[in-house]
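Enquirer: can you look at this prediction? I've put the sequence above it.
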Protein chains: 2
Amino acid sequence: MPDNSVLENSVPLSIEWKNDELYLLDQTLLPHNVVMERQETVEQVWQSIKMLKVRGAPAIGVAAAYGLCVALKDETNLPIGEFAQLVEEKAGYLTSARPTAVNLGWAMNRMSKVVKATDLDDPAVIYNRLIGEAKRIHEEDKALSKGIAEVGAPLIREGMGIMTHCNAGSLATSILGTATAPMYKAYEDGVKFKVYANETRPLLQGARLTSWELAKAGIDVTLLTDNMAAHMMASGHIDMVIVGTDRVVANGDVANKIGTLGIAILANYYEIPFFVACPSSTIDMDTQSGDHIPIEEREGDEIIHVFGAQVAANGTQTRNPAFDVTPSKLVSGIITESGMITAPYDQGLKEFFEGK
Amino acid sequence: MPDNSVLENSVPLSIEWKNDELYLLDQTLLPHNVVMERQETVEQVWQSIKMLKVRGAPAIGVAAAYGLCVALKDETNLPIGEFAQLVEEKAGYLTSARPTAVNLGWAMNRMSKVVKATDLDDPAVIYNRLIGEAKRIHEEDKALSKGIAEVGAPLIREGMGIMTHCNAGSLATSILGTATAPMYKAYEDGVKFKVYANETRPLLQGARLTSWELAKAGIDVTLLTDNMAAHMMASGHIDMVIVGTDRVVANGDVANKIGTLGIAILANYYEIPFFVACPSSTIDMDTQSGDHIPIEEREGDEIIHVFGAQVAANGTQTRNPAFDVTPSKLVSGIITESGMITAPYDQGLKEFFEGK
């Protein structure tokens, strides 16, 4: 896919660096208001990450890299020692916005190394190198999604109905997303198909984000409540499922947003292919099976209230597991930036990493 | 179950007739406010039915029967001819509140026959007979749910987790409900079990009604979003599913609230029994299979807004089928007031009605 493809002009972007300034799409205002917020200070970038204005592991890594440049822009007249110290301090500060997000620390380490690796003593020159590194991180992330797009797009054929869940979209990455990347590519190639986006309770990422970003790009997308999946499959609307993932483990089991397991079982019942799309960095070969993946349990208030509307009595008992684990036997293939991995997954994943 | 069982004091009632006055629980205010609204006029009763303050086919039949008494209470000094004419007029008026609801016309016919069948000429005496008929309709409906309770309760064993969907509860009938009737009976019998209620998007009857009424009665109930069902089954929390139904047809296929089909497939995958509870009046032997059941498609606004909170962009394409059809091969048994029907359903249902 060429860098200046039509997609980069139509797919909503979560992050833009223009005229030496960082703009972040405030995703907390979606789908009501589309605001690209200029980031004036590093404190503002920290807040944007903290408050989930920018979200998705790849996207927050990129946002933090540029955020560090925002912190340093007016400090290039400092003595080199003080400047280098400021880089460390602000990198640590940005990492603290969401301490468990791996990409955040990883991006800050890369930025920090630029300073440590040089014997230049002009902060203005180093500042330009830091911008260069942030742009490289950004471009590398785009390349991952574009790789997934190339590998996955051939699966999408004229007239298909494709179901997806949650938001593994452009909004969660630098561009194109993971689950949505093959869709954007097929759309650009002129293939006509329909997407069915499950709303994804409790936080409704499918309603607020996926159906919004796909429609914005011109893709024919229909929003469903999560409990319509079986009926839509039974009535012949769904030919394929593509979802993202938070973690694939060594035997091919897949952790993803709550509800994914149910869709995989329904797809299996109706003999509909079920694909998972992710960069290879999401594959964790150190965990043997899905049984060892801890499942985050969130507050019950997300069940009792829906964006301000109270839908159940105060004090109602709830469960709120944020993820579930789909066993690899229900997965038709894992779409990565450098190829498709299929069953048997223990062997396929091992060979995939040996070949890299 | 004795008439004055502890349940009648703890299960929320949708309808009460006390001191010659009708009280209806305003279900549109649940779960925030519990208001038993005294019905002062027949126009108020009509509005209560129209606005879904009272809902569920059995419940609105009973409400209308008492509603006719409300209309006539202060008219017993009319000449007998005018009184009889007023009965017809008000019965037609109440039927018009929800013209497609079968139980409404059926209840009005029964009330009307009381007047037509008598040669008494004292409206005060006839008025008392009408109250008697309304009470009989009410008691008969209670007896149906109590029959379902007796047939279904033995399925519920100590320590079980039971999943249900939508509200086939006490609130939709005179008491005890259909899917919930075996739960209330088992609870009264001292069996300890847990209920998992799916919230049931888009209208959230599981959140607003089922989890509220079961908790009110003292039953251990946990509210889930619809997409948690597979995870809860996979993690061993669910031992049985019981749902209600809008229509069972001659081959045993079951139409019920959207999402029921998905739960049935998941239960089948995890080898969990899946039961349907209904009075035999819900079984339609004139329709051969589920393929012939029309599925109501509702407005997309129910998907885009959740009780006032907008969750997707204006103009988002949606689907909103209100029901789905579960094939009989996924149904472990149909719990009726006069026995359990099991596969093969075409034969079992035929014999059931021949034996009645």
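Expert: Arrived safely. Predicted model only: the values in this text are computed from it and were never measured. Residues are numbered from 1 along each chain as shown, chains lettered A, B, ... in the order given.

Enquirer: for A:P2, report the pLDDT, please.
Expert: On the pLDDT scale, A:P2 is placed at 47.

Enquirer: same question for A:T118.
Expert: As predicted, A:T118 sits at a pLDDT of 88.

Enquirer: phi first, then psi, for it.
Expert: The phi/psi pair for A:T118 (degrees, to the nearest 10) reads phi -100, psi 150.

Enquirer: list the contacts of it.
Expert: A:126, A:129 (CB atoms under 8 Å, 6 or more residues apart in numbering or on different chains). Every C-beta, even on glycine, is put in place using the N, C-alpha and C of the backbone.

Enquirer: residue contacts, whichever residue of the stretch 251-356 of chain A sits closest to chain B?
Expert: Closest contact between the stretch 251-356 of chain A and chain B, by CB to the nearest CB, is at A:G259 (2.9 Å). Residues near A:G259 by CB under 8 Å, 6+ apart: A:165-166, A:198, A:200-201, A:226, A:324, B:225, B:227-228, B:230.

Enquirer: once you drop chain neighbours, what's closest to it?
Expert: B:N227 (2.9 Å; CB to CB, 6 or more residues apart in numbering or on different chains).

Enquirer: about what we covered before: now, the contacts of A:G259 that are in helices?
Expert: B:A230 (DSSP state H).

Enquirer: show me the contacts for A:E40.
Expert: By CB under 8 Å, 6+ apart, the residues touching A:E40 are A:V70.

Enquirer: so A:S145: helix, strand or coil?
Expert: The local conformation at A:S145, judged by DSSP: H, G, I helix; E, B strand; the rest coil, is helix.

Enquirer: once you drop chain neighbours, what's closest to it?
Expert: Distances taken as CB to CB, 6+ apart put A:L176 closest to A:S145, at 3.9 Å, once the chain neighbours are dropped.

Enquirer: rewinding a little: shouldn't the residue nearest to A:G259 be in contact with A:L224?
Expert: No - counting by CB atoms under 8 Å, A:L224 is not a contact partner of B:N227; they are 11.1 Å apart.

Enquirer: what touches both of these two?
Expert: With contacts taken as CB under 8 Å, 6+ apart, B:N227 and A:L224 have A:N198 as neighbours in common.

Enquirer: these two - which one has more neighbours?
Expert: When neighbours are counted by other CB atoms under 10 Å in any protein chain shown, B:N227 and A:L224 differ, and B:N227 comes out ahead with 31 against 26.

Enquirer: measure the more buried one to A:I263 for me?
Expert: 8 Å (CB to CB, to the nearest Å).

Enquirer: return every residue with contacts to both of these two.
Expert: A:N198.

Enquirer: any regions of chain A where pLDDT drops low?
Expert: Scanning chain A with the threshold set as pLDDT under 70 gives A:1-9, A:100-101.

Enquirer: quick check: domain ranges of it?
Expert: A:15-146, A:152-355 (automatic domain parsing).

Enquirer: distance between the last one and the chain's centre?
Expert: Going by CA atoms, centre = their mean, to the nearest Å, the spacing between the C-alpha centre of domain A:152-355 and its chain's C-alpha centre is 11 Å.

Enquirer: endpoint to endpoint, that domain covers what distance?
Expert: Taking CA to CA, to the nearest Å, domain A:152-355 runs 20 Å from one end to the other.

Enquirer: now stretch A:259-278
Expert: End-to-end distance of stretch A:259-278: 18 Å, with CA to CA as the criterion.

Enquirer: mind listing what's buried in it?
Expert: A:259-269, A:272, A:274-278 (16 or more other CB atoms under 10 Å in any protein chain shown).

Enquirer: next step: these restricted to strands.
Expert: Here DSSP state E is the test, and these give A:274-277 as lying in strands.

Enquirer: deepest-packed of the domains of chain A, please.
Expert: domain A:152-355 (a mean of 21; mean count of other CB atoms under 10 Å in any protein chain shown).

Enquirer: residues from the stretch 151-300 of chain A in reach of chain B?
Expert: Contact residues (CB under 8 Å from any CB of the partner chain) of the stretch 151-300 of chain A with chain B: A:196, A:198-202, A:204, A:207-208, A:211-212, A:215, A:220-232, A:234, A:258-259, A:261-262, A:265-266, A:268-269, A:295.

Enquirer: hang on, isn't A:E37 packed against A:K53?
Expert: Yes - with contact taken as CB under 8 Å, A:E37 and A:K53 are classed as touching, separated by 7.1 Å.

Enquirer: joint contacts of these two?
Expert: With CB under 8 Å, 6+ apart as the test, A:E37 and A:K53 both reach A:24-26.

Enquirer: narrow the residues you listed to those in strands?
Expert: Using DSSP E, these in strands are A:24-25.

Enquirer: and the shared contacts of A:E37 and A:K53 as JSON lines, adding distance to A:A65?
Expert: Shown next, in JSON lines, are those (distance: CB to CB, whole Å):
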{"residue": "A:L24", "distance to A:A65": "12"}
{"residue": "A:L25", "distance to A:A65": "17"}
{"residue": "A:D26", "distance to A:A65": "19"}
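
Enquirer: from the shared contacts of A:E37 and A:K53, which single one is nearest B:A250?
Expert: In terms of CB to CB, no member of the shared contacts of A:E37 and A:K53 lies closer to B:A250 than A:L25, at 54.8 Å.
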